[in-house]
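Visitor: Pasting a predicted model and its sequence here:
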Amino acid sequence: MKATPSLESYNQLLASARQRFETSPGLNTLRSNNDPRLLEAFLLYFCAIGAQMTEPVENWIRRAADRCAALGLSDHGEALTRHARAEAGHHLMMIADLRSLAVHWNSRHTPQVDADELLHMPPSYGASRYCLVHEENIASNNPYAQIAIEYEIEQLPLRYGGLFVARCLEIFGPEILPSLSFVTEHIDLDVGHTQFNAQQLSKLIDLLPESLPSLVTAGTAALDAYAQFLTDCIELAEKHCQVSPIRSEMPSKFLSWQLHGPVQGTTSGAGEALPEWVDEVRSLRGAALFDNGRRPHFRTGDGSYTDSDPIDLHSWHVLAYAGDSLVGCVRVYPLAGGGPPCLTETLLGEEQFSEMLRGLCKHRDNTIEIGRWVVDPALRAQGSLAPGIGVQLAAGAGALAFALVNQSEDVNGVAIFSAGSRDKQYLMLSRLGLRPVSGVKTITSTEYDDVIRVMYCTNTEELQYRFRSMMDAMAKTIGIGSESVGPGSNSLKPSSIKPRQLCGQM
């Protein structure tokens, strides 16, 4: 949005406060410090105290709206009321991030942290100042200055959010992304919020030119308080790390990744043993698919678990390890290789499968099936790292599928997925941006004891923004190229894809 003259006047008067924020101690430390332990401790306090600061936002804006209406500024009061509705429940994202971060921290570091205790700690000096800025504004003769407060604070994710997320990825790797939902979500949300705030601010200054000093004062106070809050979080993180300066000797629970290409054609004969990782994958999948007896045929007579599928030998596999233990896997099967029918074709039958591809204006040689998307049942039972691992596996598989399509001569490809409903695979993939294939009915499978929907994606722009960012990060982590699959790009185009093993732990 192009700044109006009135908004330009406001921006000029806020320049010094924005510059102070730019050079504040907390922000400088986040830019320059390379200690993963300190930065992870910072994230704990940022989420814990930040949740306290975020929970009352809806109420603050509503009360400011009521005061504006009482002063006869009904239009601005209604605008603030609409904004208040958009802010409801945002603190819950910070609480979810905190709980995820606490699990990560406790798996690797001392002293241990309790998420609930952190949530009940007293607010820091900066947080108290931030809350006071709102309360004083609402009680003043200028409650409309709430618009300036929102304008300044909601620009922060736009100015610094991308750099902040990139910094976390640089230090920790892609495993950190599921614990940054508040920041990543607000990079998206606050684009619209900032445009809205700018319009309201401009209208207000045009209507009440005498309001400009109070708007500048409120915006400045909010920025200064938030800068102090970031500095407080750095100082609390430093104290936390000083309590036990020696790094814990507990084994890391963060992930390392392996990418394996098709086995078919690499062995010298039918009698040659398969690589060890194939047995690991089949055992993990068998345990997950058995699901406490729900699918009994995935357990053998001797009590072990297995899922021996000939498609495996023709597929790429993305594997997640915690230490030496395989904790997650996903399979990416290019149909162009002339291997056995994919799972979707087996479920639908050859005729309906061919009709489906014709309906999508695609052909078999450029179809990629993603499947056997599995996380260790023990992690799923604990509910700790499993959701994050699952989404990262999906992101790695998605990035790989688009890379494989773009290595072919015809880039008019499609990725398909036969998703179950009972374990909410379908819902998760829908949230990530995949769509059910029109005209293909749900499939009731007795073998998998599930209701299965066939889903597809032909372009990364169809996918959820945050998931595209994760695909970009996972592409780099598993080594399939350096070009982005994020906004503005619809594919990843590496010059070559080679199976590789990575140990890029956080």
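Guide: Perfect, I can see it now.

Visitor: Domain map for the chain?
Guide: 17-243, 255-501 (automatic domain parsing).

Visitor: Mean neighbour count, distance to residue 5 and mean pLDDT added to the ones you listed, as a markdown table?
Guide: Just so you know, the C-beta spots here come from the backbone N, C-alpha and C atoms, and that holds for glycine as well. Formatted as a markdown table, those follow (neighbours: other C-beta atoms under 10 Å; distance: least, C-beta to C-beta, whole Å; pLDDT from 0 to 100):
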| stretch | mean neighbour count | distance to residue 5 | mean pLDDT |
| --- | --- | --- | --- |
| domain 17-243 | 19 | 9 | 89 |
| domain 255-501 | 18 | 31 | 82 |
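
Visitor: need those in a markdown table with distance to residue 4, can you?
Guide: Below are the domains of the chain laid out as a markdown table (distance: least, C-beta to C-beta, whole Å):
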| stretch | distance to residue 4 |
| --- | --- |
| domain 17-243 | 5 |
| domain 255-501 | 27 |
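
Visitor: wait, residue 462 sits on residue 432?
Guide: No - applying C-beta atoms under 8 Å as the test, residue 462 and residue 432 come out as separate, 9.9 Å apart.

Visitor: Beyond the host helix or strand of residue 378, next helix or strand please.
Guide: Here residue 378 is covered by helix 377-382, with elements defined by DSSP states H and E. Downstream of helix 377-382, the first helix or strand assigned by DSSP H and E is helix 386-407.

Visitor: which SS state does residue 258 fall under?
Guide: strand (DSSP: H, G, I helix; E, B strand; the rest coil).

Visitor: Nearest approach to residue 8 belongs to which of the domains of the chain?
Guide: Smallest distance to residue 8 across the domains of the chain (C-beta to C-beta): 9.2 Å, for domain 17-243.

Visitor: and residue 182, how far is that from residue 154?
Guide: Going from residue 182 to residue 154 by C-beta to C-beta, to the nearest Å gives 13 Å.

Visitor: To clarify, my last question referred to residue 161.
Guide: Using C-beta to C-beta, residue 161 is found at 11 Å from residue 154.

Visitor: and what of residue 179?
Guide: Using C-beta to C-beta, residue 179 is found at 22 Å from residue 154.

Visitor: helices and strands around the helix or strand that contains residue 156, which ones?
Guide: Taking DSSP H and E as the criterion, residue 156 maps to helix 146-156. Identification of packing neighbours for helix 146-156 by 3 or more C-beta pairs under 8 Å, 6 or more residues apart in numbering; DSSP states H and E yields helix 5-22, helix 57-70, helix 74-87, helix 125-139, helix 181-207, helix 212-243.

Visitor: Give me the distance between whichever helix or strand comes after that helix and the centre of its chain.
Guide: Using DSSP H and E, the helix or strand that directly follows helix 146-156 along the chain is helix 162-172. Helix 162-172 has its C-alpha centroid displaced from the chain centroid by 13 Å (C-alpha atoms, centre = their mean, to the nearest Å).

Visitor: try stretch 156-175
Guide: 11 Å.

Visitor: and what of stretch 463-475?
Guide: What separates the centre of stretch 463-475 from the centre of its chain is 8 Å, taken as C-alpha atoms, centre = their mean.

Visitor: Stretch 142-158 now?
Guide: A distance of 26 Å separates the centroid of the chain from that of stretch 142-158, by C-alpha atoms, centre = their mean.

Visitor: ditto for stretch 214-222
Guide: Worked out by C-alpha atoms, centre = their mean, stretch 214-222 lies 33 Å from the chain centre.

Visitor: same deal with stretch 314-324?
Guide: Using C-alpha atoms, centre = their mean, the offset of stretch 314-324 from its chain centre is 21 Å.

Visitor: What are the contacting residues of that stretch?
Guide: 251-262, 264, 277, 280-281, 326-334, 337, 339-340, 385, 389, 392-393, 396-397, 400, 404, 478, 499 (C-beta atoms under 8 Å, 6 or more residues apart in numbering).

Visitor: With stretch 86-93 instead?
Guide: Residues outside stretch 86-93 that contact it (C-beta under 8 Å, 6+ apart): 50-52, 54-55, 57-58, 61, 181-182, 185-186, 189, 193.

Visitor: I'd like those residues as a markdown table, with distance to residue 423 appended.
Guide: Output for the contacts of stretch 86-93, formatted as a markdown table (distance: C-beta to C-beta, whole Å):
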| residue | distance to residue 423 |
| --- | --- |
| 50 | 32 |
| 51 | 30 |
| 52 | 35 |
| 54 | 32 |
| 55 | 32 |
| 57 | 35 |
| 58 | 34 |
| 61 | 39 |
| 181 | 22 |
| 182 | 27 |
| 185 | 25 |
| 186 | 30 |
| 189 | 29 |
| 193 | 35 |
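
Visitor: The residues you listed: which two are farthest apart?
Guide: Across those (C-beta to C-beta), the longest gap, 21.6 Å, separates 61 and 181.

Visitor: distance of residue 476 from residue 163?
Guide: Going from residue 476 to residue 163 by C-beta to C-beta gives 17 Å.

Visitor: swap in residue 389?
Guide: Computed as C-beta to C-beta, the residue 389 to residue 163 distance reads 26 Å.

Visitor: Then residue 99?
Guide: Using C-beta to C-beta, residue 99 is found at 25 Å from residue 163.

Visitor: If anything else comes up later, I'll come back, but that's it for now.
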